[in-house]
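Q: Next come a sequence and a model predicted from it.
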Amino acid sequence: MKKEVNFGIGFIAGRPNVCKIINNYQEFLVQQLEELDYKVNITIFILYDLNYQYTTRTDFYGILPKTYKNIQIKYITPENIEESKKILRSRYDLTNEEVKLLIGNGYAKARNTILYYALRRKIDYLLFWDDDEYPLANVKKDKELIWIKQKNILQHIKNMEKADVTFGYRCGLMSPVPYIQYTDEIQEEDYKNFIDGLENEVISWEKVSKGRDENSFMAYAEEDIATGKRKPEYIEGMGRTNFVLGSGICLNLRHLDKIPAFYNPPQARGEDTFFSCALNEKDSKVLKVPTYHFHDSFLKFTGLMKDKYPKRLLRISLDDNNIEQRFLKATIGWTKYKPLLYYIIDRENYKTIIEKTRENLEKSIPKMNTAFQTCDFTCLLNELDEYDKNVKKHYAEFEKATRLWDSIKYKIVEDSKK
């Protein structure tokens, strides 16, 4: 019989939807473990950000009593974060600036903070789960839409002994890209220039045009993956040609030497991408496992959590509330981390890539501003210039974050044993 496993699930929550996810799926999570012949203890970490949608603390304390009976819940509050910063400064001899680089609010820092708490709580495997994803797969079969619950944590647990990092597949809305109807004011070439300007490892014109033509940006699950029949796949070239871009990144904390820190440039995204770049240097084993999360980036399908399964999925258009602003925020995040991404993966052609990016944005932004009535994409040019100017600084921070993490992570483990 195997040794029992402490399994952590980390939610970086900007929306109260996280409570609904945990309450609606807590029984299903426990049921998955019945297939194992050893004990698994689940701890859910909730680190909430009150600035993302101007929420209040009470919005994130909607966990029901029945959930507490089945699963340990650990909130990471703003006060907890400040206390952790003091510990890192005093116990591990880090400066205030070094601590700020590692933990706090923000995408990468929040992941590092949960990682820190996971080590303190002796977590073996840590799964990051987004607050707009559900353990479901939407399979199209013979013109019929079939919904299949996904044994997400079971797949990670069963495969983790063979890997340092596992991640799954994503279906649903792959990116917060709304459907645009071409008109005399904005035509396909205009939209193509704009997407070419944003292009990174997540978004490209090929992906956008294919998604628009085939499924209105809705990705459907493959049946052999959704039913767990496809074999797990090792991913090569991590951080150069491949990235941890699916859903549900799970870290094997028993292989701590292979787990780097997360990083993203200030107010940017790309935390999983830069984590992948650091993994490449660590020569880690990354395994893609057969399980899906349905991505509900605009929170239009929350009924799924109550087993209300639609027979077809409608596209997300510009007419829907808050869609334009959500897309604008995404484009800003992509623009801010694009310079560092290409500085790392294609430094030889970096200047040419940034110049072409600027050219595409300059040509397309006036048209996009016409199509999106509540948005002004002109800010993307300023962001591109700012983050291009600071790319060497951000690269130095990227390298420093992992060096600092490597210097303290074993000390945190040792302290957890005391």
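A: Arrived safely, thanks for sending.

Q: for L36, phi and psi?
A: Backbone torsions of L36, given as degrees, to the nearest 10, read phi -90, psi 150.

Q: next one: Y179
A: The phi/psi pair for Y179 (degrees, to the nearest 10) is phi -80, psi 130.

Q: so how far is Y342 from it?
A: 28 Å (Cβ to Cβ, to the nearest Å). (Glycine included, C-beta is placed from N, CA and C.)

Q: burial count for the nearest residue to E383 once chain neighbours are set aside?
A: Leaving aside its sequence neighbours, E383 sits nearest to T335 (Cβ to Cβ, 6 or more residues apart in numbering; 4.8 Å). Neighbour count of T335, defined by other Cβ atoms under 10 Å: 26.

Q: ditto for K69
A: So K69, with other Cβ under 10 Å, has 9 neighbours.

Q: cool, and R230?
A: 16.

Q: Surely it touches T291?
A: No: using Cβ atoms under 8 Å, R230 is not in contact with T291, being 10.0 Å away.

Q: excluding its backbone neighbours, what's nearest I114?
A: G10 (3.9 Å).

Q: Would you verify that that neighbour is located in a helix?
A: No: counting by DSSP: H, G, I helix; E, B strand; the rest coil, G10 falls outside a helix, being strand.

Q: And for it, the neighbour number?
A: 27.

Q: if we can go back for a sec, measure the residue nearest to E383 to V30 for me?
A: 42 Å.

Q: and the residue lying closest to R121 once chain neighbours are set aside, what does it touch?
A: Spatial nearest neighbour of R121, excluding adjacent residues (Cβ to Cβ, 6+ apart): T43 at 6.2 Å. Going by Cβ atoms under 8 Å, 6 or more residues apart in numbering, T43 touches N6, F7, G8, I9, I71, Q72, I73, K74, R121, I123.

Q: quick check, nearest of the residues you listed to R91?
A: Comparing these against R91 with Cβ to Cβ places R121 closest, at 16.9 Å.

Q: what about D93, which SS state?
A: Classified using three-state DSSP, D93 is coil.

Q: From R269, how far out is it?
A: Applying Cβ to Cβ to D93 and R269 gives a distance of 31 Å.

Q: Pick out whichever of the two has more residues nearby.
A: Shown here are D93 and R269; by other Cβ under 10 Å, R269 has more neighbours (22 against 11).

Q: Correct me if wrong, but that one is in a helix.
A: No: counting by three-state DSSP, R269 falls outside a helix, being coil.

Q: Tell me if I'm right that it and T331 touch.
A: No: under the criterion of Cβ under 8 Å, R269 is not in contact with T331, lying 10.6 Å apart.

Q: that older thread, can I get the buried part of the contacts of T43 as one PyMOL selection?
A: The PyMOL selection below is limited to those of these classed as buried (16 or more other Cβ atoms under 10 Å):
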select buried, resi 6+7+8+9+71+73+74+121+123
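
Q: Show me the contacts of T43 that map onto strands.
A: Secondary structure assignment by DSSP state E places N6, F7, G8, I9, Q72, I73, K74 of those in strands.

Q: Who are the packing partners of the helix of greatest length in the chain?
A: Longest helix in the chain by number of residues, with DSSP state H as the criterion: helix 391-416. Packing contacts for helix 391-416, counted by 3 or more Cβ pairs under 8 Å, 6 or more residues apart in numbering; DSSP states H and E, involve helix 78-91, helix 96-102, helix 107-120, helix 271-282, helix 323-345.

Q: Please repeat the previous calculation with a cut-off of 6 Å.
A: Under the contact criterion of 3 or more Cβ pairs under 6 Å, 6 or more residues apart in numbering; DSSP states H and E, helix 391-416 touches helix 96-102, helix 107-120, helix 323-345.

Q: Next, count neighbours for R91.
A: 12.

Q: cool, N349 as well?
A: 11.

Q: Kindly give the local confidence score, pLDDT, for it.
A: On pLDDT, N349 comes in at 97.

Q: How about K417?
A: Listed pLDDT for K417 reads 86.

Q: now do N242
A: N242 is given a pLDDT of 87.

Q: Spell out the secondary structure type for E386.
A: Classified using three-state DSSP, E386 is helix.

Q: which intervals of the stretch 151-300 of the chain have sub-threshold pLDDT?
A: 211-217, 246, 281-282 (pLDDT under 70).

Q: ranges for the strands of it?
A: Taking DSSP state E, counting those that start in this stretch as the test, the strands found in the stretch 151-300 of the chain are 165-173, 218-219, 233-234, 247-252, 286-295.

Q: hang on, the earlier thing: F243 versus the residue nearest to E383, what's the distance?
A: Distance, T335 to F243, by Cβ to Cβ: 18 Å.

Q: And for T291?
A: Look at T291 and F243: by Cβ to Cβ, they are 18 Å apart.

Q: can you check D346 too?
A: 14 Å.

Q: between the two, which one's more packed in?
A: Each of D346 and F243 has its neighbours counted (other Cβ under 10 Å); F243 has more, 26 against 12.

Q: how about the nearest residue to the more buried one, chain neighbours excluded?
A: S276 (4.2 Å).

Q: Pretty sure that neighbour sits against G237.
A: No: using Cβ atoms under 6 Å, S276 is not in contact with G237, being 9.8 Å away.

Q: returning to that earlier point: of the ones in strands among the contacts of T43, just say which sits nearest to I103.
A: K74 (15.4 Å).
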